[in-house]
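> heads up, no residue letters with this:
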């Protein structure tokens, strides 16, 4: 497996051979990948905050409002 440095250098070498429009496409795609990564990291960070937060702990202690006896019809 090639190292990160070798892959980056290979990519730069290949980019230098491409016409401007193709370089723009590669740049746009790289920005898209970075944006996806940032979104994923942000989402994971928010999920960790919510998981560790006590804000919604009251929901765990909430009593059941309805039981099976409240059903008018039961599907199996």
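In hand now; what should we look at? Every value quoted in this text rests on a predicted model; they were computed, and no experiment measured them.
> CA atoms for contacts and neighbours, from now on please.
OK.
> helices of this protein, residue ranges please.
Here the chain has its helices, by DSSP state H, at 4-17, 20-52, 57-60.
> dump those to a markdown table, plus mean pLDDT and mean neighbour count.
Output for the helices of the chain, formatted as a markdown table (pLDDT from 0 to 100; neighbours: other C-alpha atoms under 10 Å):
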| stretch | mean pLDDT | mean neighbour count |
| --- | --- | --- |
| helix 4-17 | 96 | 11 |
| helix 20-52 | 95 | 12 |
| helix 57-60 | 77 | 8 |
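> TSV for the ones you listed, including distance to residue 72?
Output for the helices of the chain, formatted as TSV (distance: least, C-alpha to C-alpha, whole Å):
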stretch	distance to residue 72
helix 4-17	62
helix 20-52	36
helix 57-60	26
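> what residue is smack in the middle of this protein?
Nearest to the geometric centre of the chain sits residue 40, at 2.6 Å (C-alpha atoms, centre = their mean).
> where's that residue relative to residue 33, distance?
In this view, residue 40 and residue 33 are 11 Å apart by C-alpha to C-alpha, to the nearest Å.
> could you do residue 65 as well?
Distance from residue 65 to residue 33, by C-alpha to C-alpha: 46 Å.
> and for residue 68?
For residue 68, the distance to residue 33 - C-alpha to C-alpha - is 48 Å.
> before we move on, what about residue 74?
Residue 74 sits 48 Å away from residue 33, going by C-alpha to C-alpha.
> cool, and residue 27?
Distance of residue 27 to residue 33, given as C-alpha to C-alpha: 10 Å.
> over to residue 9?
In terms of C-alpha to C-alpha, residue 9 sits 19 Å off from residue 33.
> do the same with residue 3
Plainly put, residue 3 is 19 Å away from residue 33 if you go by C-alpha to C-alpha.
> how about residue 4?
From residue 4 to residue 33 the distance is 16 Å (C-alpha to C-alpha).
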